[in-house]
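Asker: here is my input, please return the structure:
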Amino acid sequence: MSALLALLTFLALTSAAAKPNAGLKTWGRFSKLPYPGDKAFLYDTFPKDFIWAVGTAAYQVEGAFEKDGKGLSIWDTFTRGGNRMTTGDVGSDSYHNIHADVRAIKQLGVSHYRFSLSWSRIFPNGTRGSYNEIGTNYYRTLIKRLKESSVQPVVTLYHWDLPDHLQQTLGGWSNPELVGIFKDYADFCFKTFGDDVKYWITIDNPFVVARHGYGTGVVAPGIKNDPDLPFRVGHNLLKAHAAAWHLYDRHYRPHQQGKLSMALASHWIKPSRTRLESLRECQCSLDHVLGWFARPLFTDGDYPPCMKARLGSRLPTFTREEREQVRGTADFFALSHGAALSFQLINDSLKFGQQEDLDLRMLLYWVNAEYDKPPIFVVQSGWYVLGNTKTEDPKHMYYLKRFIAEALKSIVIDGVNVIGYTAWSLIDGFEWHREYGIRRGLYYVDFNTPDMKREPKTSATFYRNVIQKNGFPELPENRPAQGVFPCDFAWGVSANSIQVETMPSQFADPSVYLWNISNNGALMRLEGFSAPPLRRTAHCADYATIRQQVDEIQQVGVNHFHFSLNWSALVPTGDVAHPNTTLLGYYRCFTRQLLQANVTPVVTLWHHTRLRSSLPAPLDTANKWLNRETPEAFANYARLCYRELGAHVKMWITLNEPNDEMVSYQEGHQMLRAHALAWHAYDREFRHTQGGQVSLALHMDWVEPAFSFSREDVEPAKRVLDFRVGWFAEPIFGSGDYPLGMRSWLRQLNSLELPVFNEEDRQLVKGTYDFFAISHFSTKLVTHAKEDSYTYTAMLEVQHMIDTTWIMSPRPVVPWGLRKALNWVKEHYCDVPVYVMANGVQEDPARFKDSLRVYYLYNYINEALKAYTLDGVNLKGYFAYALSDQRDPGFGLYGQVHEEIIVKASLSNYRNIIQHNGFPIQGAAPQQCPSFPQPCLGCHVLVKRPVVGFLTLVGSGVLITLGLIIYYTAKRHKECY
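Answerer: As a prediction, the model looks like this:
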């Protein structure tokens, strides 16, 4: 009867558990989440009772490897063999620095501290008979100091440092005798420390212990002869853990009330293809690493079917009694994630052709689904920096931010029961097989000082702030703004160029056709027949491409359109006396048709590209912008455009994005002179009759200090903005010279590359603007701490980087960067009118439901509204980039498939924002805007030639009067009959 009851209980528990391979749904679930909204940073807080922890491992930090009776561990022996260079003999000397470590723990504000016991410090030869009182007292003191500081200990019994005596005499974990020996060691620890410890970890990362300690030999004890040995070792580790758990459960839990688990580490993996087979391979990869130990503990006491199928007899088997002994021996899921395993210790053979990825959130969801929603304590998480990094560790900080943010989403969005997070590690130490080549501590340890001085890194400051706020609470600046832009706000769309048609397509075909009206309505060309040539003047309406493009622009709902002329095509010889009149006529028609459609043209004279100079051939072959004649040639070209197109164009950009880092300072100097000459030409010769405005447009992605609370990073950010934006802005909008910071930095480098403005050029350039126009797309972080030579700019001594929580495509999507850029302009140049002349994001052209662009435009425009309404920026207009994929691939509001134009989702969303003139407050009265007069294309005649205009009006009146007289006379005669 009792056997039957046990069987029924087993079946009930098994059926209540998660279905086999329940985690398989993870990839499909995340692929269906709304993009990019789900990838956006979540501002929220963790549960009130959330555990914030930090951790270390004994061998990495304790040192004192022979002090006070401590025995040798396998790491003490391993680091003295082979070609290894250093040891952990001293580590961070935590054995002599309890006070410094506890002080650091208190500064962080964590509630829990995870550390491991050195087995050979307590039992030098591994067994109770060699008990070492002094070593045990070290841990008693540590726990006491922690409790006095209101910090709860999380104690690991075994973190890879087996007493060497057990390895030498018994073969270590390959010997089943260690199960009993470990149980006895655990018994001592529970009895000695258990009254003060509520969280126990039996064994850390058994995957590394088994596979890399007894398989690949990468870590201690370094055995690599028997390919099947890791599985026998893993078998013994599971049984040792289970023995310790049952011991605690029966004899200590009733009065100590603690919880116990085994720390399991895992990578994350994503399918290389969308097929079900790829998903199954991903599942199998996780089963071979995490499931190897998790399934026996949390599911059925046995190994994953995938492992059993692929390994066969190589994998040991559990008896029925052993399965019962192992199953359910974890009170919570202790999960390790990060640099110790991912991308370092996972062999390609365990990826099964799939792609490894760093995604803690998906891993948490998989664990939750696969193992029936256990409480999950992240007992190790973090990243690393290079060994020469000191207290500035931006990479570690932003990875820490990413992992914490993913844990928060896992709780708030996915409903996973994550109960705690442990940042790894407290202090720098000996990093196992990486020795001292990397650092993982939140606190920097100077290994060259006698007391191993600890200093908080920026990652420590960040973690402390997160703990104080219990996450990332939403701040006012994070919330969307409500409000509208001014009534005369310029809503626009930009394109680098427009489609040009050199011959009118209307009435250009002389062929004769038959219209098959009775059948399919098709036109049939008659061979050998042609219509006589039409003797008519070409009209603007004859250009089909103009009509099509203007219609597309109208459909967006904008009132401005920005495009660039082609200097080299308009004046191919460089001589403005011989322009390309056909192309000039086309541009004239295009701008005229825009005005007729109530769209104001904004025209750029020269658009900088890296691929080609776009200068007329004679200038292109003669030193380009370094030619002293080029600025004068540009001014003459500008005059030609003002004269021929100025009647229709009231907003000019001389140079678009000339401040490219590939442009030399000498070239930039000549570009500034060219702009100034073109501006003065308009101001003196055309402004009084045309009434337009002229300026230049600068590329201005925002540059944010990686550590906004660090002066050492604020300065590099200012420096980059001086060199990238101030380089062109300060001479024009400010002092008439290059920024002081730019000059002083180059002087410090003994560089003479930056030209000097003579007084004539200073007066020429200064003040040559009517507005400040920027192109803004993204944001970068900079720090002074060098980490990656590929993204380090040596001349400016800045390291470029990104926040790993940002949405990428391929550049970071950081809406608040636009607001900061606009404020930079206001702070430097006061109330200057500002236009965002181009703002857009690159997305796969095949995605017509371009959700990223929808998200991008909404949020960037909202940040622009904040700059206008909250910060007082004199923002006059916003232009989305770009109109069409055809001219600007990947950026368009319109897509194209073969010859068919596709309206993307972003277009209607942008049009909706324009129609509401921003983001009006719900329920508020509609904005009352006066109706503006429609453009009058002939009105310029009245201004320029008043006599001709008067005569034209009189003549028109006479003709209308005559027409009316004739009409009524004829009508009266008709009535008489």
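
Asker: in contact with the residue most central in space within the chain, which residues?
Answerer: Nearest to the mean C-alpha position of the chain, by CA atoms, centre = their mean, lies residue 806 at 2.8 Å. Residues near residue 806 by CB atoms under 8 Å, 6 or more residues apart in numbering: 41, 812, 813, 814. Placement of C-beta: from N, CA and C, glycine included.

Asker: highest neighbour count among the residues you listed?
Answerer: Greatest neighbour count in the contacts of residue 806, by other CB atoms under 10 Å, goes to residue 814: 24 neighbours.

Asker: confidence score at the residue nearest to that residue when sequence neighbours are not counted?
Answerer: Of all residues not flanking residue 814 in the chain, residue 779 sits nearest, at 3.8 Å (CB to CB, 6 or more residues apart in numbering). Residue 779 is assigned 98 on the pLDDT scale.

Asker: which of the contacts of residue 806 sits closest to residue 26?
Answerer: Lowest distance from residue 26 to the contacts of residue 806 (CB to CB) belongs to residue 41, with 21.6 Å.

Asker: what residues are up against the closest one?
Answerer: So residue 41 contacts 405, 472, 805, 806 (CB under 8 Å, 6+ apart).

Asker: part of a helix, is it?
Answerer: No - under DSSP: H, G, I helix; E, B strand; the rest coil, residue 41 falls outside any helix and is assigned coil.

Asker: about what we covered before: the residue nearest to residue 814 against residue 807, yeah?
Answerer: No - applying CB atoms under 8 Å as the test, residue 779 and residue 807 come out as separate, 11.5 Å apart.

Asker: what stretches of the stretch 651-800 of the chain score poorly on pLDDT?
Answerer: Across the stretch 651-800 of the chain, nothing is flagged by pLDDT under 70.

Asker: CA atoms of stretch 295-305 as PDB?
Answerer: C-alpha atoms of stretch 295-305 as PDB (Å, rounded to 0.1, in the frame of the first residue of the first chain):
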ATOM      1  CA  ARG A 295      16.600  18.700 -15.100                       C
ATOM      2  CA  PRO A 296      17.700  16.100 -12.500                       C
ATOM      3  CA  LEU A 297      17.100  18.700  -9.800                       C
ATOM      4  CA  PHE A 298      13.900  20.400 -10.900                       C
ATOM      5  CA  THR A 299      12.100  17.900 -13.100                       C
ATOM      6  CA  ASP A 300      12.400  14.100 -12.900                       C
ATOM      7  CA  GLY A 301      15.700  13.200 -11.300                       C
ATOM      8  CA  ASP A 302      17.200  12.200 -14.700                       C
ATOM      9  CA  TYR A 303      19.200  13.700 -17.500                       C
ATOM     10  CA  PRO A 304      17.600  15.500 -20.500                       C
ATOM     11  CA  PRO A 305      16.400  13.100 -23.200                       C
END
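
Asker: which parts of it are buried?
Answerer: 295, 296, 297, 298, 299, 300, 301, 302, 303, 304 (16 or more other CB atoms under 10 Å).

Asker: is it true that the third one touches residue 239?
Answerer: Put plainly, it is residue 297. No - using CB under 8 Å, residue 297 is not in contact with residue 239; the gap is 11.5 Å.

Asker: who touches both of those two?
Answerer: Joint contacts of residue 297 and residue 239 (CB under 8 Å, 6+ apart) are residue 326.

Asker: would you mind measuring from residue 894 to residue 855?
Answerer: The spacing between residue 894 and residue 855, counted by CB to CB, to the nearest Å, is 18 Å.

Asker: one more: residue 260?
Answerer: 45 Å.

Asker: what about the two, which has more around it?
Answerer: residue 260 (28 against 23).

Asker: surely that one is in a helix?
Answerer: No - counting by three-state DSSP, residue 260 is located in no helix; its state is strand.

Asker: so what pairs up with it in the strands?
Answerer: Bridge pairing for residue 260 (DSSP bridges) gives the partners residue 200.

Asker: that one contacts residue 200, doesn't it?
Answerer: Yes - counting by CB under 8 Å, residue 260 sits close enough to residue 200 to count as a contact (4.3 Å).

Asker: give the buried residues for the helix or strand harbouring residue 103.
Answerer: Taking DSSP states H and E as the criterion, residue 103 maps to helix 98-108. Within helix 98-108, the residues scored as buried using 16+ other CB under 10 Å are 98, 100, 101, 102, 104, 105, 106, 108.

Asker: repeat that for stretch 772-789.
Answerer: Here stretch 772-789 shows 772-787 as buried, counting by 16+ other CB under 10 Å.

Asker: one step back: out of the contacts of residue 806, which is nearest to residue 648?
Answerer: residue 813 (35.9 Å).

Asker: bridge partners for that closest one, pull those for me.
Answerer: Residues in beta-bridge contact with residue 813 (DSSP bridges): residue 807.

Asker: residue 152 too?
Answerer: residue 112.

Asker: quickly note the distance from it to residue 200.
Answerer: For residue 152 relative to residue 200 (CB to CB), the value is 12 Å.

Asker: out of those two, which sits in the busier spot?
Answerer: More crowded of residue 152 and residue 200, by other CB under 10 Å: residue 200, with 27 against 18.

Asker: tell me the confidence at the more buried one?
Answerer: 98.

Asker: still on that earlier bit, can you redo the buried residues of helix 98-108 as TSV with pLDDT and distance to residue 430?
Answerer: Formatted as TSV, the buried residues of helix 98-108 follow (pLDDT from 0 to 100; distance: CB to CB, whole Å):
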residue	pLDDT	distance to residue 430
98	98	18
100	97	17
101	98	15
102	98	21
104	98	18
105	98	20
106	98	24
108	98	21
